[in-house]
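Asker: no sequence on this one, just coordinates:
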């Protein structure tokens, strides 16, 4: 059975059905994407808790496309190495984790095995004319990619942007035509159900092998052959549903982090922050801090800790709407003057290195920031708050004995308090977490894992084709 169908999803499904009756396929597709976007960005993945719910939305996409006569195109079998590998990414933006990870993978990829190309679907920017349903800003990747565009070009990797003219169906058609012209052996979709153009390209089948590089919510739609998972917990939950659908589940150790870059980063001086040298500086970081900080009792407990220990300060790294309002509990507790704001940063490592402790929010928290803190030798704390991916992934990456591997806020704050009082223990734990990041999560290790998984899926496809013949 599906988890609880939220009102936003129910409304979206109703609107999609209405648009189908009126003959507007683009608006119907947008409605499904808008439901996923709302659930991920504003409702804490209340609906999209597993592959079953993701597959439910994927099936709705497929129903809309079939209604208008769209059919996947058979593409044969992969050729021989080096395999033509197409990365289809939902956006290319400087400072965005998936984009940074892609650039590093391209730098490290074994060119004797893979010949890469990048296609930017630009799922989450305004199109011309503007979309009817999806409410997104005017943030095209051509403007937001910054140094990532230059880095990819410098590597000699072809980089293509799906045109932004026409509705999402036009965009998907342009993307499919572009991808098929490249003669791909394998397509890796860095996307979720909130990405309509990427989803439609996957359904249309642009390569013999199609893999979803899971960015937190798997893209489960007809046409996807395998899904990578950076959380073994989520992989175990989702594998039965993927198997039922004929999709291979590919668990991995992590989403990766750049240990070399972390080692080279220089801490931001305390004088620049206006923080006393002898203060214990806690840090939080993320692109959606107001929403995540406002969940549960996180800020109330933080305010109590800061009120009890006058040497404790807080640094926020990142943005989001109305951060000041979200931090009202700290002001109410009389500790607001001990909060400093770094704002959004393309590279958060110098700021993390200035901190003494990194706090991963709960119940929903990030995982990339946890790994970046580990690589910076800044001891991190995270909680396994539930089986929802964003509620436990940071804790899984951090691992024992540092993560609280159960929903126990009392234990979480006891550990934070111990660190505020014991600088030597902070240093020991920071060093041990760094060793874990270096030995398990460094990007060269991640890249070799990707290469092995891609190869296994490609060979399985070729063997299956030979058996069928």
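Answerer: Cool, the structure landed. Quick caveat, the model's predicted, so the values are computed rather than measured.

Asker: buried ones in stretch 102-112?
Answerer: Neighbour counts over stretch 102-112 (16 or more other C-beta atoms under 10 Å) mark 102-106, 108-109 as buried. All C-beta spots, glycine's among them, are computed from the backbone N, C-alpha and C.

Asker: Over to stretch 297-308?
Answerer: Here stretch 297-308 shows 298-299, 301-303, 305-306 as buried, counting by 16+ other C-beta under 10 Å.

Asker: next one: stretch 56-72
Answerer: Buried residues in stretch 56-72 (16+ other C-beta under 10 Å): 56-58, 60-62, 64-65, 70.

Asker: How about stretch 245-260?
Answerer: 245, 247-252, 254-259.

Asker: what about it, how long is it end to end?
Answerer: End-to-end distance of stretch 245-260 (C-alpha to C-alpha, to the nearest Å): 40 Å.

Asker: just stretch 259-268 next, same as before
Answerer: OK, stretch 259-268 end separation, C-alpha to C-alpha: 18 Å.

Asker: contact partners of it?
Answerer: The contact list for stretch 259-268 (C-beta atoms under 8 Å, 6 or more residues apart in numbering) reads 342, 347, 349-351, 353-354, 372, 375-376, 434, 437-438, 441-443.

Asker: Can you pull the poorly scored residue ranges out of this structure?
Answerer: Applying pLDDT under 70 to the chain flags residues 1-3, 254, 320-321, 465-469.

Asker: what's the helix or strand in which residue 118 is found in contact with?
Answerer: Using DSSP states H and E, residue 118 sits in strand 114-120. Under the contact criterion C-beta under 8 Å, 6+ apart, strand 114-120 has outside partners 81-89, 91-92, 102, 106, 109, 141, 145, 152, 157-162, 175, 178-179, 182, 184, 451, 454.

Asker: which ones among the residues you listed are found in helices?
Answerer: 102, 106, 141, 152, 175, 178-179, 451, 454 (DSSP state H).

Asker: Max pairwise distance over the buried residues of stretch 245-260: which two?
Answerer: Spatial extent of these (C-beta to C-beta) is set by the pair 245 and 259 at 36.1 Å.

Asker: want to throw the buried residues of stretch 56-72 into a markdown table with secondary structure?
Answerer: Below are the buried residues of stretch 56-72 laid out as a markdown table (DSSP: H, G, I helix; E, B strand; the rest coil):
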| residue | secondary structure |
| --- | --- |
| 56 | helix |
| 57 | helix |
| 58 | helix |
| 60 | helix |
| 61 | helix |
| 62 | helix |
| 64 | helix |
| 65 | helix |
| 70 | coil |
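
Asker: burial count for residue 210?
Answerer: Around residue 210 there are 27 other residues, counting by other C-beta atoms under 10 Å.

Asker: Assumed it was part of a strand.
Answerer: Yes. Assessed by three-state DSSP, residue 210 belongs to a strand.

Asker: List of residues touching the helix or strand containing residue 240?
Answerer: Using DSSP H and E, residue 240 falls within helix 232-244. The contact list for helix 232-244 (C-beta under 8 Å, 6+ apart) reads 50-52, 55, 218, 220, 227, 229, 248-251, 387, 389, 392-393, 396.

Asker: Just the buried ones out of those residues, please.
Answerer: Applying 16+ other C-beta under 10 Å to the contacts of helix 232-244 flags 50-52, 55, 218, 220, 227, 229, 248-251, 389, 392-393, 396 as buried.

Asker: Please flag which of the residues you listed sit within helices.
Answerer: 51-52, 55, 389, 392-393, 396.

Asker: Need these in TSV (columns: distance to residue 404).
Answerer: Below are these laid out as TSV (distance: C-beta to C-beta, whole Å):
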residue	distance to residue 404
51	26
52	28
55	31
389	17
392	10
393	14
396	12
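
Asker: Now the two most distant members of those.
Answerer: Taking C-beta to C-beta, no two of those sit farther apart than 55 and 396, at 22.7 Å.

Asker: coming back round to it: now list the buried members of the contacts of strand 114-120.
Answerer: For those, buried by 16+ other C-beta under 10 Å: 83-89, 91-92, 102, 106, 109, 141, 145, 152, 157, 159-162, 175, 178-179, 182, 184, 451, 454.

Asker: Was I right to think residue 280 contacts residue 355?
Answerer: No. If you go by C-beta atoms under 8 Å, residue 280 and residue 355 don't touch, sitting 9.2 Å apart.

Asker: Can you pick out the residue with more neighbours from these two?
Answerer: residue 355 (28 against 20).

Asker: what's that one in contact with, if anything?
Answerer: Residue 355 neighbours (C-beta under 8 Å, 6+ apart): 281-283, 315, 373, 378.

Asker: Please report the distance of it from residue 143.
Answerer: 31 Å (C-beta to C-beta, to the nearest Å).

Asker: again, but for residue 99
Answerer: 13 Å.

Asker: now the strands for the stretch 251-400 of the chain?
Answerer: 280-286, 312-318, 339-343, 357-359, 380-381 (DSSP state E, counting those that start in this stretch).

Asker: Give the pairing partners of the second one; include direction for each.
Answerer: It stands for strand 312-318. Sheet pairing here is set by DSSP bridges, and for strand 312-318 it gives strand 280-286 (parallel), strand 339-343 (parallel).

Asker: Residue 341 versus the nearest residue to residue 287 once chain neighbours are set aside, what's the distance?
Answerer: The spatial neighbour of residue 287 that comes closest, neighbours along the chain excluded (C-beta to C-beta, 6 or more residues apart in numbering), is residue 318 at 5.7 Å. Distance from residue 318 to residue 341, counting by C-beta to C-beta: 9 Å.

Asker: quick one, which of these two is more surrounded?
Answerer: residue 318 (23 against 15).

Asker: From what I see, that one and residue 290 are in contact.
Answerer: No. Between residue 318 and residue 290 there is no contact under C-beta under 8 Å: 9.5 Å.

Asker: Enumerate every residue touching the residue nearest to the spatial centre of the chain.
Answerer: Closest to where the C-alpha atoms of the chain average out (C-alpha atoms, centre = their mean) is residue 215, at 3.7 Å. If you count contacts by C-beta under 8 Å, 6+ apart, residue 215 has them with 98, 190-192.

Asker: which residues touch the residue nearest to residue 68 when sequence neighbours are not counted?
Answerer: With C-beta to C-beta, 6+ apart as the criterion, residue 68 has its nearest non-adjacent residue at 4.8 Å, and that residue is residue 25. Neighbouring residues of residue 25 by C-beta under 8 Å, 6+ apart: 19, 64-65, 67-68, 169.

Asker: could you redo the last one with a cut-off of 7 Å?
Answerer: 64, 68, 169 (C-beta atoms under 7 Å, 6 or more residues apart in numbering).

Asker: With respect to residue 367, which of these is nearest?
Answerer: residue 64 (32.3 Å).
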